[in-house]
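Asks: test case, fold it:
(2 chains, ligands or ions: 3)
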Amino acid sequence: MSDMKLTVKVWRQKNNATPGKFETYQVMANEHMSFLEMMDVLNEQLVHEKHQPVAFEHDCREGICGACSMVINGQAHGPLQATTTCQLHMRHFKDGDTITVEPFRAKAFPVIKDLVVDRSALDRVIQSGGFISVNTGQAVDGNSIPIEKDAAVKAFDAATCIGCGACVAACPNGSAMLFTSAKISHLGLLPQGKIEHKNRTLKMVAQMDKEGFGFCSNIGACSAECPKEISLENIARMNRSFIGASLTTGKPE
Amino acid sequence: MSWFTNFLTSSIGKKLLMSLTGLFLILFLKIHLLGNLQLLKDDGGEAFNTYAYFMTHNPLIMVISYGNYFFILLHMLLGLTLWSKNRAAKGQAYAVGNHRDTTWASRNMALLGILILAFIFLHMGDFWWKMKTGQTAVVMYGETEVKDLYTKVAESFKVLWIVVAYLIGLLALAIHLYHGFASAFQTLGLNHSKYTPVIRFIGTAYSILVPLGYAIMPIVFYFFR
Ligand code: HEM
Ligand code: SF4
Ligand code: FES
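Replies: Ligands and ions are numbered 1, 2, ... in the order given. The predicted structure follows:
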């Protein structure tokens, strides 16, 4: 097991009302730790020294919950492609490295404390239409609703979005179009979701705009940083659905 | 607000206007280039001047050209609005920058746009404004008195700083369109693994060939006329 001595520059901020700044710490880690375990080691050290530990979010630690938001050396979830922070291991860094850790930056994601940001704007986008209005009950039989293979594959790809917000963090415009389009595609491509597709698209885009996310310039940083590699094709699908729905739905009363 | 203003002021609606005005300008640039290439005819400017006369006197063309001015203004104002709103939506920038898999062009559309705008001012001020305000000499072709824009162009393209400014403006245009061409289709909702590579190819070819075509004129005039 090879140990590594790291210099970790972490963004410390008491709360949203107080300005934050970087603090620099020395951390002894080893290459088998995950990035979050390295942060745990740092926090134990801080607690021993009677300092406040660094607040950061984590939950599943296996890449499925999307909690572990942080920007590592300028990249959301760090240097590895298609992974979350919890899936990043210290073997991708070298002994003696300096690592800069910042919170996700976007106006719609205010910092709560240190590396923890408030991503509830994404929840409100979901609440505005990211569901289908059917009675739930027993799971239906597997093949009772036929679904075309191509649509099923695309819907599934979109459904892998874990709502982590890395797309917003990576986007120079702070735009949430990749996330919103993944949700709209996931539901709209399937027969159960088609019924409400137009209104869902209108509502979710309206909510996204209301939350103060930026405008997509088709830069593609979102998709490059997305742990689930959600494709820009979803944004195109959302654009055409939105344009179509705006022109063809009934006039609002 | 009516559904229509709601639509156009939404994020996607604004981008739709960017895309449509951008595509119109792309079409315009190509036609403008084909006309202007007549400058290269070594006939003392008759072909070019006759063409310029036609373009400024045909009612249909005049309507299109005023539409064109309007679209440039709309594209520019919207582009700068989006840019400033996007800066605000990002808030604080990262201490460490890292741009994985993104092009410089895509991240600097507003900067490139401002360079193009400066170029448009220079271009319109030197040629269009002087022509409209009667500061251009005239020649007679048969019965008609035609403004001698050719000689004006030839004079301007003998001035080194103007030639350099043109080349910078055209380079900015090339980079703007290298991203803008394909981006406009993505904004319209057209992205598919079958045809997007074709759009990208045409966009790259356009963004190289059209600015290059324009660049030939100041270069030819500066060095060879
Ligand atoms: C005749 C010259 C121009 C042409 C042909 C042109 C074309 C385009 C095209 C096709 C796009 C992509 C639209 C999309 O992504 O949907 C674009 C984007 C843009 N243009 Fe232009 N443009 C021109 C001049 C300008 C000028 C003068 C400005 C500003 C001063 C400007 C500012 C922008 C900005 C900021 C964007 C990015 C918008 C975004 O994606 O957020 N452009 N342009
Ligand atoms: S699209 Fe990707 S980056 Fe954005 S929230 Fe979903 S999983 Fe995260
Ligand atoms: S902690 Fe759940 S995805 Fe990282």
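
Asks: mind jotting down where the helices sit in chain B?
Replies: Using DSSP state H, the helices of chain B run over B:3-9, B:11-36, B:46-57, B:59-90, B:104-107, B:109-123, B:130-132, B:149-156, B:160-188, B:196-224.

Asks: could you do chain A as well?
Replies: A:35-48, A:120-127, A:149-159, A:166-170, A:177-188, A:191-194, A:197-210, A:221-225, A:233-248.

Asks: CA atoms only for the fourth one, dumped as CSV, please.
Replies: As requested, C-alpha coordinates have been extracted for helix A:166-170 and formatted as CSV (Å, rounded to 0.1, in the frame of the first residue of the first chain):
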residue,chain,number,x,y,z
ALA,A,166,-22.5,18.2,-12.3
CYS,A,167,-23.9,19.4,-15.7
VAL,A,168,-24.8,22.7,-14.1
ALA,A,169,-21.5,22.9,-12.2
ALA,A,170,-19.5,22.2,-15.4
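
Asks: what residues of stretch B:52-71 count as buried?
Replies: By 16 or more other Cβ atoms under 10 Å in any protein chain shown, the buried positions in stretch B:52-71 come out as B:A52, B:Y53, B:M55, B:T56, B:S65, B:N68, B:F71. For every residue, glycine as well, the C-beta is placed using N, CA and C.

Asks: pLDDT score for the nearest residue to the last one once chain neighbours are set aside?
Replies: Which is B:F71. In this structure, B:F71 finds its nearest non-sequential neighbour in B:T21, 4.4 Å apart by Cβ to Cβ, 6 or more residues apart in numbering or on different chains. With respect to pLDDT, B:T21 scores 98.

Asks: ok, how many other residues are close to B:T21?
Replies: Using other Cβ atoms under 10 Å in any protein chain shown, B:T21 has 21 neighbouring residues.

Asks: list the contacts for it?
Replies: Contacts of B:T21 were listed using Cβ atoms under 8 Å, 6 or more residues apart in numbering or on different chains, and they are B:F71, B:I72, B:L74, B:H75, B:L78.

Asks: hang on, the earlier thing: including distance to A:M39, could the helices of chain B go into a markdown table?
Replies: Shown next, in a markdown table, are the helices of chain B (distance: least, Cβ to Cβ, whole Å):
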| stretch | distance to A:M39 |
| --- | --- |
| helix B:3-9 | 43 |
| helix B:11-36 | 35 |
| helix B:46-57 | 66 |
| helix B:59-90 | 25 |
| helix B:104-107 | 30 |
| helix B:109-123 | 37 |
| helix B:130-132 | 66 |
| helix B:149-156 | 62 |
| helix B:160-188 | 37 |
| helix B:196-224 | 40 |
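
Asks: for stretch A:55-63, buried residues please.
Replies: Taking 16+ other Cβ under 10 Å as the criterion, stretch A:55-63 shows A:A55, A:F56, A:E57, A:H58, A:R61, A:G63 as buried.

Asks: for the chain, what are the low-confidence residue spans?
Replies: You didn't pick a chain, so chain A it is. A:1, A:251-253 (pLDDT under 70).

Asks: right idea, wrong chain: chain B
Replies: Short version for chain B, where the test is pLDDT under 70: B:1.

Asks: give me the number of residues near the residue in chain B that ligand 2 sits nearest to?
Replies: Going by Cβ to the nearest ligand atom, ligand 2 is nearest to B:R100 of chain B, at 12.8 Å. Neighbours of B:R100 under the rule other Cβ under 10 Å: 14.

Asks: so it touches A:S223, yeah?
Replies: No. At 10.0 Å, B:R100 does not count as touching A:S223 under the criterion of Cβ atoms under 8 Å.

Asks: tell me the contacts of the residue in chain B sticking out farthest from the centre?
Replies: Most distant from the centre of chain B: B:A95, at 35.1 Å, with distances by Cα atoms, centre = their mean. Listed by Cβ under 8 Å, 6+ apart, the contact partners of B:A95 are A:K9, A:F22, A:T100, A:E102.
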